[in-house]
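S.K.: Structure, please.
(one chain, ligands or ions: 1)
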Amino acid sequence: MAAAKVGRERINFVPRRGWIALAELPNLRRDTAKTLSASEMAKASIAAPTDRTSEEFLKSSVFDELGMQRDPNNLYLQVIDSVLQAAEHLEIPHHLQLILAQPKNEIMVHFPVRMNDGEYRLFKGYRVQHNNILGPYKGGIRFHADVHLDDVKALAALMTMKCSLVRVPYGGAKGGCKVDPRAVDRDELMRVSRRFIAAISNVIGPDVDIPAPDVGTNAQTMAWFADTYMNISGSVSRQDAMRVVTGKPLEMGGSLGREKATGQGVVDVLVELLPDMGIPIEGAKISLLGYGNVGSWTGRLIAEKGATVVAVMDHTGAIRNDEGIDPVRLAEHVAETGGVAGFGSEHGSTRTGRHTQAGAEAISEEEFYRTPVDVFIPAALEQMINEEKAGWLECRVVAEAANAPTTPMGDRLLTKRGIEVLPAILCNSGGVTVSYFEWVQNKQSIQWDIERVDSSLNKHMVLAARRTQLAQHRFDCDMRTAAYIAALDQIAKVYALRGIFP
Ligand code: NAD
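M.R.: Coordinates of the predicted model:
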């Protein structure tokens, strides 16, 4: 087994088919920077086995063995297809491919809630537990009118891969409730949150399955979840029961830095990888699709590194200013009005004083995608970058801050056009990493200071980025496949060590 030391951390790789050791990375990175310009890197990616037509997706025999219908538009199948392709590269045993192609548990619940008008409404919720070989199930809960079982399954599988890639001791899960949080009032939302967590309380737990925020949920939702669980679970002490969710408010066991963690992780990855692609972060032009938790924190933190946010789009509209949009003032505007639309009449300068912010003009969706930038960051919902949008993009790098924002056909076109795609399981793993820090702090009844959270997060993100780079180099593949390979390598090793019960 090859061993390598990075800082004080020791990492072992099974030298499978000449897998290179992490210690070789400094040389690799120097070589890469020297020999591969951005376009050459793009060409290197084109050589990867992603040049396929839609019929060439979903080829694995695993789909037949499990009786899965081959629907190329199904998000779950798209995710599992990518996982299985990486598994083939890594020559992972077939029985592990079968195991990973289906979640361990799919829980569906229906529960009534009394609304403010006195009427009862029946809500539907899901909790999907994909895999727990590396530790307790972990994954966010989404509140959205359009939540479907297969989407939750896809997000749960991504969590398994994400936790493994970033090396936090968790498995993968995801939850969802069919409710539009903007269409109900605060009391109604609280009752929905409490009833939902009560409905799944027998399958979650602080050492079993640990939910967190996702689209449509936040620290307040986590406070309601935790309080409900603490009141109804008899098996653990009330204090320990609080660990059942992460992303809690600071006042009740949350971690410093959790709210910004996903955006911080995106920025940490870009700071690490952009120079190797010939793009200095200082002065890089950025556009953001989505300006909620992830998008707005990414915008604010990347501006602090000297990048310029030139275009933003959310569900209310799109705006552009080539001189730079002030990300802090935009976040304030979104908090006040609910979206980016209408941001344009204000004038001022950014917190760093780096750019002059002279408002922004409203633009169309197509103009937003066509805005020339160095890095395009999708931070909204799944499957938004389809083939058409991939054809519109004028960027060098797509950094997937959202989960699964790129369809396979969109991905294929981006690769063909020489646009590097940094995959979601790498870019947005900062959220679950700081969730893990929160869980550890709760276990020990201590609170880390923000410097410790930020530096520990940075270490996890940098190592995850390097693992992905190494896998790309070794297997001559695109970054998405490389990230899955680096994640699967760990999972396969643990399965080999533990075996399959009985
Ligand atoms: P959020 O609800 O805070 O923000 C979602 C954003 O998407 C909003 O700006 C919304 O306007 C925008 N949006 C929704 N529909 C849109 C449309 N049709 N067109 C354009 N914009 C649209 O959610 P979030 O927590 O920021 O999550 C965003 C993504 O990041 C999701 O894919 C989520 O799964 C992923 N993610 C979130 C976290 C986290 O810690 N919050 C962690 C990992 C991954």
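S.K.: drop to CA atoms for contacts and neighbour counts, all remaining ones
M.R.: Fine.
S.K.: For the top strand by length along the chain, give me every contacting residue.
M.R.: Across the chain, the longest stretch assigned as strand under DSSP state E is strand 120-131. With contact meaning C-alpha atoms under 8 Å, 6 or more residues apart in numbering, strand 120-131 is reached by 100, 102-115, 137, 149, 152-153, 156-157, 160, 171-179, 192, 196, 200.
S.K.: Restrict the residues you listed to the buried ones and give me that as a ChimeraX selection.
M.R.: Buried subset of those, written as a ChimeraX selection, criterion 16 or more other C-alpha atoms under 10 Å:
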select :100,102,103,106,108,113,115,137,149,152,153,156,157,160,171,172,173,174,175,176,177,178,179,192,196,200
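S.K.: Let's see which of the contacts of strand 120-131 end up in strands.
M.R.: If you go by DSSP E, the contacts of strand 120-131 have 105-114, 137, 172-178 in strands.
S.K.: Pull out whichever of those residues are also neighbours of the ligand.
M.R.: Among these, none lies close to the ligand by the criterion of C-alpha under 6 Å from any ligand atom.
S.K.: so where do the helices sit in the stretch 51-200 of the chain?
M.R.: Secondary structure of the stretch 51-200 of the chain by DSSP state H, counting those that start in this stretch: the helices cover 62-65, 75-90, 94-100, 149-165, 186-199.
S.K.: Tabulate the CA atom coordinates of the last one in PDB.
M.R.: Extracted as PDB, the C-alpha positions of helix 186-199 are listed here (Å, rounded to 0.1, in the frame of the first residue of the first chain):
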ATOM      1  CA  ARG A 186     -44.600  30.700   9.800                       C
ATOM      2  CA  ASP A 187     -46.900  28.900  12.200                       C
ATOM      3  CA  GLU A 188     -48.100  26.500   9.500                       C
ATOM      4  CA  LEU A 189     -44.500  25.900   8.400                       C
ATOM      5  CA  MET A 190     -43.600  25.100  12.000                       C
ATOM      6  CA  ARG A 191     -46.400  22.600  12.300                       C
ATOM      7  CA  VAL A 192     -45.500  21.000   9.000                       C
ATOM      8  CA  SER A 193     -41.800  20.800  10.200                       C
ATOM      9  CA  ARG A 194     -42.700  19.200  13.500                       C
ATOM     10  CA  ARG A 195     -45.200  16.700  12.100                       C
ATOM     11  CA  PHE A 196     -42.700  15.700   9.400                       C
ATOM     12  CA  ILE A 197     -39.800  15.000  11.800                       C
ATOM     13  CA  ALA A 198     -42.200  13.200  14.100                       C
ATOM     14  CA  ALA A 199     -43.300  11.000  11.200                       C
END
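S.K.: quick one, longest helix in this structure?
M.R.: The longest helix of the chain (DSSP state H) is helix 450-475.
S.K.: name the helices or strands packed onto whichever helix or strand comes after it?
M.R.: Elements were assigned by DSSP states H and E; along the chain past helix 450-475, the next helix or strand is helix 479-498. Secondary-structure packing of helix 479-498 (3 or more C-alpha pairs under 8 Å, 6 or more residues apart in numbering; DSSP states H and E): helix 75-90, helix 149-165, strand 420-422, helix 450-475.
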